[in-house]
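# Based on what follows, work out the 3D shape:
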Amino acid sequence: MKRLRALLIKEFIQMRRDKLTLAMMLVFPMVQLLLFGYAINTDVKHLPTIVFDQSLQQDSRDLLNSLTSSEYFDIKYVANSFQEINDAVDSGKTKVGIIIPPDFSENLKHGRTATVQVIVDATDSLSASSAISAAQLIGQLKSQKILLQKMQGYTGHTTQNPYEIRIRPWYNSDFVSAFYMVPGIMGVILTMTMVMITSMAIVRERERGTLEQLIVTPMKNWELMMGKIIPYSIVGYVQVTVSILVGILVFDLPIRGSLGLLYGLTSFFIIASLAQGILISTVAKTQMQAMQMSFFVFLPSILLSGFMFPREAMPLFFNLLGNILPLTFYLQIMRSIILKGVGFSIVWPQVLSLIIYIMIALVISIKKFQKKVA
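Alright, predicted model coming up:
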């Protein structure tokens, strides 16, 4: 018992000294609870929507009011052409496009079926399913209301449906889950390996005592950072290549955009992930701390980036928190190029965000890293 008591006292003292590890052990479960409790929501509402109303009558406004009142559609933009609808959905600014034809009100007044086209970005199956279900249900309710009014006015009734909601799922019309998941898994694999490997790079040098060899070299801090980043960048490209080949050969993943552009823009994400790992390595004192901090970054990256759960369904705070994660922007780039076939003119905002992240992470890492033995 005395030996056990001594061992317990020693472990508690060690835990108290290792304040960073203790803090991670206490904070990490709390972060998990908050993320799963508040951020994760599969009931997707408030989808950004663009409307091209060619009717501009009271009937079309009533329909749009019904759609927005359901809380599933937030009308963010008003289009003046079909091209504006295409551009908004291609760029990811909106998830839904609603097109009301010019004869919409006339068809309703004369007892003919009034059609409405609803374009849905189906790269995100959960968001698309919510939009489709809500639009079809609202169309059915509006039709039932009109039919009931007609039945109250005279005997007999028409079987013609007043409203017809024509759904057009784009980019993944068959809702193949692999088309949505494979690009996301590629980003997750890169995040997991790049951040975890590099986060332990400098820490491992310090623990092994080889940091002195780096100190006596005439290299500058930024040169040392690049020396740690470039070799792992090659590993990242190998992972991307293998993932793409598996996606094409096994899951029939379509590559609708430029493969060269995809590889070129992947470099920004690889460097951003490596810079994130380097930043962790300058803070952590042991490899265990570096691994714990890597998981602390890895879990929010999976849950808040849009990899598994739509970001539109998250509360505002967690949605904004996801905007500081490199994986969030890389997933948008990957899915836009692979599934939508867009070019650089569409994804440049995401690329710019990655560049800004790289600059901030590397500057902080270089300033924190001191070429001396801790």
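# Let me know the helix or strand that Val116 is in.
Assigned by DSSP states H and E, Val116 belongs to strand 114-121.
# Contacts only, for Ala131.
Counting by C-beta atoms under 8 Å, 6 or more residues apart in numbering, Ala131 touches Val44, Leu47, Tyr72, Phe73, Lys95, Val96, Val118, Val120. Where C-beta positions appear, they are placed from N, C-alpha and C, glycine not excepted.
# got a list of what the first one touches?
If a contact means C-beta under 8 Å, 6+ apart, then Val44 has Tyr72, Leu126, Ser127, Ser130, Ala131, Pro310, Glu312, Ala313 as its contacts.
# of all these, which comes closest to Leu320?
Glu312 (13.0 Å; C-beta to C-beta).
# Could you look up the SS state of the closest one?
Three-state call for Glu312 (DSSP: H, G, I helix; E, B strand; the rest coil): helix.
# you'd agree it is up against Lys45?
Yes: with contact defined as C-beta atoms under 8 Å, Glu312 counts as touching Lys45 (7.5 Å).
# neighbour-wise, which of these two wins?
Just comparing Glu312 and Lys45: by other C-beta atoms under 10 Å the higher neighbour count belongs to Glu312, 21 against 17.
# now the helices: where do they sit in the stretch 201-350 of the chain?
For the stretch 201-350 of the chain, applying DSSP state H, counting those that start in this stretch gives helices covering 201-208, 211-215, 221-251, 259-283, 287-304, 316-322, 326-335, 344-368.
# Pick the most buried one from those.
Each of those was scored by mean neighbour count; the highest is helix 326-335, a mean of 26, by mean count of other C-beta atoms under 10 Å.
# between that helix and helix 259-283, how many degrees?
170 degrees (axes from the mean of the first three to the mean of the last three C-alpha atoms, to 10 degrees).
# Which strands and helices lie in contact with helix 326-335?
helix 177-199, helix 259-283, helix 287-304, helix 344-368 (3 or more C-beta pairs under 8 Å, 6 or more residues apart in numbering; DSSP states H and E).
# Just send those back as a markdown table, with mean pLDDT too.
Formatted as a markdown table, the helices and strands packed on helix 326-335 follow (pLDDT from 0 to 100):
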| stretch | mean pLDDT |
| --- | --- |
| helix 177-199 | 86 |
| helix 259-283 | 89 |
| helix 287-304 | 81 |
| helix 344-368 | 89 |
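# These into TSV, with extra columns for distance to Arg208?
Putting the helices and strands packed on helix 326-335 into TSV (distance: least, C-beta to C-beta, whole Å) gives the following:
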stretch	distance to Arg208
helix 177-199	16
helix 259-283	14
helix 287-304	10
helix 344-368	20
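# Where does pLDDT dip in this structure?
1-41, 150-160, 209-225, 369-374 (pLDDT under 70).
# and the gap between the residue nearest the centre of it and Phe82?
Centroid check for the chain by C-alpha atoms, centre = their mean gives Gly306 as the closest residue, at 2.9 Å. Distance from Gly306 to Phe82, counting by C-beta to C-beta, to the nearest Å: 27 Å.
# Over to Thr123?
As judged by C-beta to C-beta, Thr123 and Phe82 stand 20 Å apart.
# Name the residue in these two with the higher neighbour count.
Higher neighbour count among Thr123 and Phe82: Thr123, with 24 against 14, using other C-beta under 10 Å.
# The helices and strands packed on helix 326-335: which one's closest to Glu164?
Short answer: helix 177-199, nearest of these by C-beta to C-beta, at 28.0 Å.
# In the closest one, which residues are buried?
For helix 177-199, burial by neighbour count (16 or more other C-beta atoms under 10 Å) applies to 179-184, 186-188, 190-199.
# thinking again about what came up before, turn the contacts of Ala131 into a markdown table, columns for secondary structure.
Shown next, in a markdown table, are the contacts of Ala131 (three-state DSSP):
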| residue | secondary structure |
| --- | --- |
| Val44 | coil |
| Leu47 | strand |
| Tyr72 | coil |
| Phe73 | strand |
| Lys95 | coil |
| Val96 | strand |
| Val118 | strand |
| Val120 | strand |
